[in-house]
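# Sequence first, then the predicted structure, then my questions.
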Amino acid sequence: MPIIIDKLQYVYSPQTAYEKHALKDINLVINDGEFVGLIGHTGSGKSTLIQHLNGLLRSTGGKIYFNGQDIYEKDFNMKYLRSKVGLVFQYPEHQLFETTVYKDVSFGPKNLGLDQLEVDMRTYEAIKMVGLGEDMIDASPFELSGGQKRRVAIAGVLAMKPEVLILDEPTAGLDPKGRDEILEQINKLHKESNITIVLVSHSMEDVAKYADKLIVMNKGSVVFQDTPHKVFEHYKELEMMGLAAPQVTYVMHELKDRGIPVKTDATTIEEAREEILKCLLR
Ligand SMILES: Nc1ncnc2c1ncn2[C@@H]1O[C@H](COP(=O)(O)OP(=O)(O)OP(=O)(O)O)[C@@H](O)[C@H]1O
C-alpha cells in the first residue's frame, strides 16, 4: 500500500519570533517498491518531510496514510510505523555505540523482543544485504572505514525488516569510490528485495541514475513529482531554485540548439551516448 501525504504542513516554533513554516501543503504519493529521489536546495524541507514519514515529527496540519491508515488516528500504532519505515539519518555512523558490528546491528531486533534465533537470522541477513563480509561480524565498528561504518548503520535499520527505507544523504562525506559503492548497494537492495527507497540527495547525477521518481522541493513546497526525464525538462526552473539538472541534460540541449536532431531527455551518460550514436547512424 502506498504512503499518501495529504496537505501536510509543519511549523517549527509556532507563534514565537522563531516561527518557521518548513512544510506547506505537501501532497505526495510514494508507491510500494518505488525508488524515489528527494532533492531540493539546503533548507527546502527534505529532512523535515522524511521525519514525518516514520512519525518522528507530528504534522501541524494535514494527514499521512500508511497502508491505508491515518497515522494520526488515536489508536494508530506508531511503534509499528517505526518498524516498517526505517530512517537512516545523515552521518549515521555517529550513532554506532556498541562494541561489535553484531551487537550494533542486532540492537533493534533485540529491542523488538524477538527470540535469539530470529535476532541472529535478521542480523546476519542485514549484514549480507549491505555487502559486508561475515568476517566483520565481531569487529569493532570503530575499526572500519567510513563507508563500512555507514553500511553497519544501514544494516541496523534493515534488521528491523522495514518496508520503506529512507536514507538522508547516505553518501555525504564519502570519497567517490565509497559513494558509488553505497549507491550501488542501495540499488541492489532495491532490486533484490523490492523495498521502497526514498533517497535524499543533493546530486542530480545520483538520483537520475537510480530513481524511478523524483520529488523536488523548494521553500517547503513540492514543485515537481515525476520521472527524472520529465523533471529535468524543467532544467531552467531548477536552476532558478539553485538546483542544476545533470550535465548531460545541458549537453543534449546544446546539441539540439545547434541543429543536431537529438532527443533531449537523456538523464545519464549511458542514455546520452546511445541517443547520440543513434542520431549519427540515422
Ligand atoms: N529544529 C528547528 N527549529 C527551527 N527551524 C528549523 C529546525 N529544523 C529545521 N528548521 C528550518 O526548517 C527549514 C527546513 O529545514 P530542513 O532541515 O527540513 O531542510 P533540508 O532540505 O533537509 O536542508 P539540508 O539539505 O540542509 O539538510 C529550514 O529553513 C530550517 O532552517
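Good, I have the coordinates.

# same for the longest helix along the chain, what does it pack against?
Ordering each helix of the chain by length in residues (DSSP state H) puts helix 176-193 first. When contacts are defined as 3 or more Cβ pairs under 8 Å, 6 or more residues apart in numbering; DSSP states H and E, helix 176-193 packs onto helix 146-158, strand 164-168, strand 196-200, helix 204-210. Using the backbone N, CA and C atoms, a C-beta is placed for each residue, glycine as well.

# Tell me who's in contact with residue 177.
residue 147 (Cβ atoms under 8 Å, 6 or more residues apart in numbering).

# Equivalent analysis for residue 80, please.
Residue 80 sits in contact with no residue, where contact means Cβ under 8 Å, 6+ apart.

# From here on, call the first residue 281.
Will do, 281 is the new start, and the previous item becomes residue 360.

# Okay, and it sits in which element?
Residue 360 belongs to helix 358-364 when elements are defined using DSSP states H and E.

# residues from the protein in reach of the ligand?
Residues of the chain lying close to the ligand by Cβ under 6 Å from any ligand atom are 292-293, 300, 302, 320, 322-328.

# Quickly note the distance from residue 416 to residue 474.
From residue 416 over to residue 474 the distance is 26 Å, taken as Cβ to Cβ, to the nearest Å.

# Likewise for residue 527?
31 Å.

# swap in residue 399?
Distance of residue 399 to residue 474, given as Cβ to Cβ: 24 Å.

# Could you check which of the two is surrounded by more residues?
residue 399 (21 against 12; other Cβ atoms under 10 Å).

# thought the more buried one was touching residue 389?
Yes: applying Cβ atoms under 8 Å, one finds residue 399 in contact with residue 389, separated by 4.7 Å.

# Quick one, grab the pLDDT at the most centrally placed residue in the chain.
Geometric centre of the chain, nearest residue: residue 479, 1.6 Å, by Cα atoms, centre = their mean. Looking at residue 479, its pLDDT stands at 96.

# quick revisit: and the buried ones among the residues of the chain next to the ligand, selectable in PyMOL?
Entered in PyMOL, the line below selects the buried ones among these, by 16 or more other Cβ atoms under 10 Å:
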select buried, resi 302+320+324+325+326+327+328
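
# And what about residue 528, helix, strand or coil?
Under DSSP: H, G, I helix; E, B strand; the rest coil, residue 528 falls in the helix class.

# Apart from its chain neighbours, what residue comes closest to residue 458?
residue 427 (3.6 Å; Cβ to Cβ, 6 or more residues apart in numbering).

# can you check residue 299 too?
Residue 299's closest residue in space is residue 293 (Cβ to Cβ, 6+ apart), at 5.5 Å.

# wait, doesn't the one you found sit right on residue 340?
No: distance between residue 293 and residue 340: 10.8 Å, which falls outside the contact criterion (Cβ under 8 Å).

# what are the ranges of the helices in the stretch 281-430 of the chain?
Secondary structure of the stretch 281-430 of the chain by DSSP state H, counting those that start in this stretch: the helices cover 326-333, 358-364, 381-391, 396-409, 426-438.

# for these, which one ends up most surrounded?
helix 426-438 (a mean of 24; mean count of other Cβ atoms under 10 Å).

# List the contacts of that one.
The contact list for helix 426-438, computed with Cβ under 8 Å, 6+ apart, reads 366-368, 372-373, 375-376, 381, 384-385, 387-388, 403, 405-407, 409-412, 416, 421-422, 424, 445, 447, 450, 453-454, 457-458, 461-462, 465, 469.

# if you set the cut-off to 7 Å instead, what comes out?
Residues outside helix 426-438 that contact it (Cβ atoms under 7 Å, 6 or more residues apart in numbering) are 366, 368, 372-373, 375-376, 381, 384-385, 387-388, 406-407, 409-412, 421, 424, 445, 450, 453-454, 458, 461-462.

# Over to stretch 371-380?
By Cβ under 7 Å, 6+ apart, the residues outside stretch 371-380 that reach it are 384, 387, 418-421, 426, 429-430, 432-433, 452-453.
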